[in-house]
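J.: Need coordinates for the following:
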Amino acid sequence: MSSSDISSPLPDHGLARRGLMLVLSSPSGAGKSTIARALLARDPRLSMSVSVTTRPRRPGEIDGVDYAFIDQAAFSAMRAAGDLLEHATVFGNSYGSPRAPIERILAEGRDVLFDVDWQGTQQLRENASPDLVSVFILPPSRAELERRLHARAQDPEEVVHRRMAKAADEMSHWAEYDYIIVNHDVERAVAAVVSIVEAERLRRGRQVGLAAYVERICLG
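T.: Here you go, the predicted structure:
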């Protein structure tokens with residue numbers, strides 16, 4: 001979808017803009033989920049991408065809200081047709097970001113938040129680079145990352161060790177992201193992401209009709 005297919009005006013000058021795809025990635029325990037929840041609570045123009053998945057629905061999950069639950073045949077058909085912006089298989093279950101609803105949101109001038117790893121981010125960059133804004137969240141130190149994982153008290157010790165082992169590989173991809181934030185303090189980290197989003201919303205390429213707007217000003 002081209003950047004001309006949008007209709008949502010910015011409140012300050014009346015220009016329409018195309019939305020953006022905001023990716024947050026981090027090793028487990030670095031604070032990505034906390035930051036994402038804070039962003040979604042503060043900004044009505046930002047919504048979470050709803051992935052399709054082949055895994056069974058868990059108690060309390062709502063189809064179309066937490067995930068869109070589909071069977072493997074439907075997932076394979078979407079992948080073959082190019083209807084997924086990114087996809088992955090985790091523990092035998094398939095996950096993916098459907099292209100059509102995301103492009104519809106972007107065309108309306110709203111923004112989409114993605115919680116994907118570096119591999120998902122690479123796929124999004126390959127399939128929708130102009131719309132992508134990628135942010136990697138780093139912990140202040142390895143020791144602090146391990147402390148946070150233990151403090152959550154969600155995982156047994158062997159799982160914490162496994163997450164720590166995976167963290168080094170995940171963090172090695174930091175240079176593939178547009179922005180890097182070291183999460184010393186969650187409120188400061190949220191404020192940093194907010195600043196990034198506000199600046200990216202003002203990029204020239206996302207503001208449709210800007211040339212005509214400037215021409216009208218020049219002509220008086």
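J.: Next, the contact list for the residue minimising distance to the centre of the chain, please.
T.: Among the residues of the chain, the one closest to the centroid is residue 114, at 2.1 Å (Cα atoms, centre = their mean). By Cβ atoms under 8 Å, 6 or more residues apart in numbering, residue 114 lies in contact with 21, 22, 23, 24, 49, 97, 120, 121, 124. All C-beta atoms are positioned from the backbone trio N, CA, C, and that covers glycine.
J.: which one of these is nearest residue 62?
T.: residue 49 (15.4 Å; Cβ to Cβ).
J.: Now for the closest one: which residues touch it?
T.: Counting by Cβ under 8 Å, 6+ apart, residue 49 has contacts 21, 97, 102, 112, 113, 114, 115.
J.: Type out the ChimeraX command that picks the buried ones from the residues you listed.
T.: The ChimeraX selection below is limited to those of those classed as buried (16 or more other Cβ atoms under 10 Å):
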select :21,97,102,112,113,114
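J.: out of the contacts of residue 114, which are inside helices?
T.: Among those, the ones falling in helices (DSSP state H) are 120, 121, 124.
J.: distance of the first one from residue 87?
T.: Summarising the geometry, the distance separating residue 120 from residue 87, computed by Cβ to Cβ, to the nearest Å, is 8 Å.
J.: Equivalent analysis for the second one, please.
T.: For residue 121, the distance to residue 87 equals 13 Å [Cβ to Cβ].
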